[in-house]
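Participant: fold the following, please.
(one chain, ligands or ions: 1)
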Amino acid sequence: MTHEISRRTLLRGLGAAAVVAPTAAWLSSCSSAEKPPAANAGGTAGATGGATDLLAKGKKQGYLRVGIANEPPYTKVTADGKVTGCEPDVFRAVVKRLGIPDIQGVITPYNGMIPGLKADRWDAITAGLFMKQSRCAEVLYSEPVIVSTESFGVKPGNPRHITTVQDVLDHPDLKIVVLPGGFEEGILQTAKVPDKQLIRINDNRSGVEAVIQGRADAFFLPTLSLRALHEQEKGFEVTPPVEDAPKTGSGAAFRQSDQSFLDVYNAELAKFKQTDEFKKILDKWGFDPSAVKGVTAKELCQNKG
Ligand code: 6CS
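Facilitator: Below you'll find the model as predicted:
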């Protein structure tokens, strides 16, 4: 069901999936059973009746739907409802070069992104969903757009001296906030950190609050995401990048039935990565465009977990 709701409701309902169009403030709150209308009226069978012809679908309807989290600088929904952030901005630029005018964002938690993609609630994930073995086994990733690092959000002065995953293992009394199904949860699980040390919170602001109020000792999140949160809330500090965390990187993720679109997208992305526009987008969001040079999806998909 599509209906206009106030953007305040949208931003409050971050836990729910909500459709955010880049222009009109058309939003639709989708329950897990619902699908946004029209966009998948034809279901996943493309014009050929076979696998999705995502390129033809995007050109015909004028946009592709993307799963996002609203976690700056990776993804951001502005106050007037525009879908932006590093990954959506790159995706929008590349699909525009393929003849698809725009994108429409659906906000969802990280642990809902791949199930929602498979359920055809969106056509791609452009959220900074970091590549690792289990995810690469379920979806088709484009070549990476960004690489980035992980950090801990800690109390000022980092009184428990939490700087590495090993520190968490060595101190079983430490409580670490992670996003459910997030990459950081996976890092700690792969390191065999006992589950009783994990506190799962879906909302980044609440994760920071848990540290400030002493209910947790650290919030494990990408460095740039913590720095963006710190711009709004000074009651915590961000550690330097965690040295024993794997290299993180991401690109757009597609359904396995969309291999033909992935091939076309990757070819256009490779050209786009040579342009000043690509560098401008990454610079705007605080990413180093040179850091992703030579990094491949094949390499990042070796990440354990
Ligand atoms: O890929 C993930 O699961 C992680 N990616 C980002 C951009 N933020 C946190 C999340 O856990």
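Participant: get me the contact residues on the protein for the ligand.
Facilitator: Neighbours of the ligand within the chain, by C-beta under 6 Å from any ligand atom: 71, 74, 110, 128-130, 179, 182-184, 221-222, 225. C-beta: built from backbone N, CA, C; applies to glycine.
Participant: switch the cut-off to 8 Å
Facilitator: 69, 71, 74-75, 110, 127-130, 135, 148, 178-179, 181-186, 221-222, 225, 248, 250 (C-beta under 8 Å from any ligand atom).
Participant: and the closest residue to Glu185 other than its chain neighbours, what is it in contact with?
Facilitator: Computed as C-beta to C-beta, 6 or more residues apart in numbering, the closest residue to Glu185 that is not its neighbour in sequence is Val178, at 4.0 Å. Applying C-beta atoms under 8 Å, 6 or more residues apart in numbering to Val178 gives the contacts Glu184, Glu185, Leu188, Leu198, Ile199, Arg200, Ile201, Phe220.
Participant: list the residues that contact the residue in the chain that the ligand sits nearest to.
Facilitator: The nearest approach of the chain to the ligand comes at Gly182, 2.5 Å away (C-beta to the nearest ligand atom). Going by C-beta under 8 Å, 6+ apart, Gly182 touches Tyr110, Asn111.
Participant: pull up the per-residue confidence for it.
Facilitator: Here, the pLDDT recorded for Gly182 equals 98.
Participant: and for Lys247?
Facilitator: With respect to pLDDT, Lys247 has a value of 88.
Participant: wait, it sits on Val147?
Facilitator: Yes. Assessed by C-beta atoms under 8 Å, Lys247 is found in contact with Val147 at 6.0 Å.
Participant: and for Lys298, the neighbour number?
Facilitator: 11 (other C-beta atoms under 10 Å).
Participant: that one: what secondary structure?
Facilitator: Using DSSP: H, G, I helix; E, B strand; the rest coil, the structure places Lys298 in helix.
Participant: ok, it - contacts?
Facilitator: Lys298 neighbours (C-beta under 8 Å, 6+ apart): none.
Participant: what do you get for Glu184?
Facilitator: Contacts of Glu184 by C-beta under 8 Å, 6+ apart are Glu150, Val178, Phe220, Leu221, Ala245.
Participant: highest neighbour count among these?
Facilitator: That'd be Phe220 among these, by other C-beta under 10 Å, with 29 neighbours.
Participant: still on that earlier bit, check the gap between the residue nearest to Glu185 and Lys57 for me.
Facilitator: 35 Å (C-beta to C-beta, to the nearest Å).
Participant: hang on, the earlier thing: from the residues of the chain next to the ligand, which land in strands?
Facilitator: Ser148, Val178, Leu221, Pro222, Thr248, Ser250 (DSSP state E).
Participant: farthest-separated two in those?
Facilitator: Val178 and Ser250 (17.4 Å; C-beta to C-beta).
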